[in-house]
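Visitor: got a structure for you, letters missing:
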C-alpha cells in the first residue's frame, strides 16, 4: 500500500513551526536563452508614470515557453555552481512547489502534483515542477482576453523597471536561497521581479481596481494570501501592486510582506480566512511525511499528488521516469 497523507484528518501541532530568514547564496540570469551566473537580468525598480497603458506592445510579446526540462537544467546547474552553499539541503526546488504546499489548506479545491527525484550521487532530493491535467487544460483553453490579461503583469514589470522594446517573458533573474522550514533545509530558486535603490527586492503584481466590497474581500482573502506566500518564502520584504481598470494602470500601492496577514485579518473583522502559522505548520507536516516515505522507499523517482476530492496526498513511483530509464 502506498503512503498517504490524509489532509482531511490533519490537525495542527500545538507548537509553532519556525521559518528561518532566507539567505540568498547565488542566482542566475536567463537572457535570449542563455544562462549567466550573475544579476544582469535583475532590473531596478522605478515608479511608473500614471496612467499608463498595459496593452501597449502586446502584439510583439514573447510568451513564456512551457519548457520545464530547460528550467530544471538551469536549477541543477545553479545547485552545482553553488554546491558548497547548498550541500546540506534536504530538498532542492523552485518556489512554485512550496507555494502549492503552503496553499493547500486555504485553497483545498486546487489539485497539484510534484515530482521527486534523487540527485545523482547525492542524498538530496529534487522537487520537480509538474502540471496536473486540469492545469494543462486551463492553459490550452485560455481565451484571447485571458492571454491579454496575463500580459498586463509583464507590461507592468516593464513599466516599473524602465524596460523599453519587446517584452520577452523568458528573460529573468532567479535567486537561489537557503531556507529552513521546521527541521527541513531547502535550496529554493525563485524569480525576482526587481530591486530598489536600497538593494531590496520588490515583488510586482497587478490587480483590477477594487470597486466593490466583494472585490475587496476577494483581494484580501486570495490575492493578499498569494502575495504573502510567494514573497515570504524567499524573504522579499515589499510587494507593489499596480491597480488597473480595463487596460490602464491607474494606481500604485506598496505592501509590507510581513504586514499582509494583519491587513487581511483587519479586513475580515479579526476573523481571517488564512493564517501564516497554519500554512507553515501544514507544509512542515507534509515534508516530514514525505521524507519518511522517501526513507522507506528504495527507488529514486516518485510523484506526490494532492487529490481535492479525496482530500489526501498520495506518494507513488514515477512510472514515466522509470520507463525512460529503461529506454536509455
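Guide: Looks like it came in fine. Quantities reported herein were computed from a predicted structural model and do not represent experimental measurements.
Visitor: When you work out contacts or count neighbours from here on, use the C-alpha atoms and nothing else.
Guide: Will do.
Visitor: contact partners of stretch 4-18?
Guide: Stretch 4-18 has contacts (Cα atoms under 8 Å, 6 or more residues apart in numbering) with 181-182, 277-278, 280-282, 284, 286, 289, 311-315.
Visitor: Looking at those residues, which are in strands?
Guide: 181, 312-315 (DSSP state E).
Visitor: Write the ChimeraX selection for whichever of those residues are buried.
Guide: Restricted to buried positions by 16 or more other Cα atoms under 10 Å, the ChimeraX selection for the ones in strands among the contacts of stretch 4-18 reads:
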select :181,312,313,314,315
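Visitor: export the ones in strands among the contacts of stretch 4-18 to JSON lines and tack on pLDDT?
Guide: Listed next are the ones in strands among the contacts of stretch 4-18 as JSON lines, based on pLDDT from 0 to 100:
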{"residue": "181", "pLDDT": "99"}
{"residue": "312", "pLDDT": "98"}
{"residue": "313", "pLDDT": "99"}
{"residue": "314", "pLDDT": "98"}
{"residue": "315", "pLDDT": "97"}
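Visitor: Show me which of the ones in strands among the contacts of stretch 4-18 is closest to residue 303.
Guide: residue 315 (5.9 Å; Cα to Cα).
Visitor: Off-centre distance for stretch 23-38?
Guide: Centroid separation for stretch 23-38 versus its chain: 17 Å, with Cα atoms, centre = their mean, to the nearest Å.
Visitor: before we move on, what about stretch 56-74?
Guide: For stretch 56-74 - counting by Cα atoms, centre = their mean - the centre lies 16 Å from the chain centre.
Visitor: Which positions in that stretch come out as buried?
Guide: Buried, per 16+ other Cα under 10 Å, within stretch 56-74: 58, 61, 72, 74.
Visitor: Equivalent analysis for stretch 313-324, please.
Guide: Result for stretch 313-324 [16+ other Cα under 10 Å]: buried residues 313-318.
Visitor: Now for the closest residue to residue 321 other than its chain neighbours: which residues touch it?
Guide: Of all residues not flanking residue 321 in the chain, residue 301 sits nearest, at 6.7 Å (Cα to Cα, 6 or more residues apart in numbering). If you count contacts by Cα under 8 Å, 6+ apart, residue 301 has them with 115-118, 317-318, 321-322.
Visitor: change it to 7 Å
Guide: Shown in contact with residue 301 (Cα atoms under 7 Å, 6 or more residues apart in numbering): 116-118, 317-318, 321.
Visitor: Among those residues, pick out the one closest to residue 209, please.
Guide: Proximity of those to residue 209 (Cα to Cα) peaks at residue 116, which lies at 39.8 Å.
Visitor: Tell me, how many residues neighbour the closest one?
Guide: 25 (other Cα atoms under 10 Å).
Visitor: Am I right that it is in a strand?
Guide: Yes. Residue 116: assigned to a strand according to DSSP: H, G, I helix; E, B strand; the rest coil.
Visitor: so what's it bridging to?
Guide: Judged by DSSP bridges, the bridge partners of residue 116 are residue 127, residue 302.
Visitor: Spit out the contact partners of it.
Guide: Contacts of residue 116 by Cα under 7 Å, 6+ apart are 125-128, 301-303.
Visitor: burial of the closest residue to residue 318 other than its chain neighbours, as a residue count?
Guide: Closest residue to residue 318 in three dimensions, ignoring its sequence neighbours and counting by Cα to Cα, 6+ apart: residue 302, at 4.3 Å. Using other Cα under 10 Å, residue 302 is surrounded by 23 other residues.
Visitor: ditto for residue 138
Guide: That count, for residue 138 with other Cα under 10 Å as the rule, works out to 11.
Visitor: if I look at residue 241, how far off is residue 192?
Guide: According to Cα to Cα, to the nearest Å, residue 241 and residue 192 sit 15 Å apart.
Visitor: now the buried residues of stretch 313-324 in CSV, with distance to residue 160?
Guide: Below are the buried residues of stretch 313-324 laid out as CSV (distance: Cα to Cα, whole Å):
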residue, distance to residue 160
313, 40
314, 42
315, 42
316, 44
317, 44
318, 42
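Visitor: Nearest to residue 265 among those?
Guide: residue 313 (28.8 Å).
Visitor: where exactly do the strands run in the stretch 51-200 of the chain?
Guide: Secondary structure of the stretch 51-200 of the chain (DSSP state E, counting those that start in this stretch): strands located at 52-53, 91-94, 112-118, 125-130, 172-181, 184-192, 194-195.
Visitor: now the ones you listed in JSON lines, with distance to residue 3?
Guide: Formatted as JSON lines, those follow (distance: least, Cα to Cα, whole Å):
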{"stretch": "strand 52-53", "distance to residue 3": "51"}
{"stretch": "strand 91-94", "distance to residue 3": "19"}
{"stretch": "strand 112-118", "distance to residue 3": "14"}
{"stretch": "strand 125-130", "distance to residue 3": "18"}
{"stretch": "strand 172-181", "distance to residue 3": "22"}
{"stretch": "strand 184-192", "distance to residue 3": "20"}
{"stretch": "strand 194-195", "distance to residue 3": "41"}
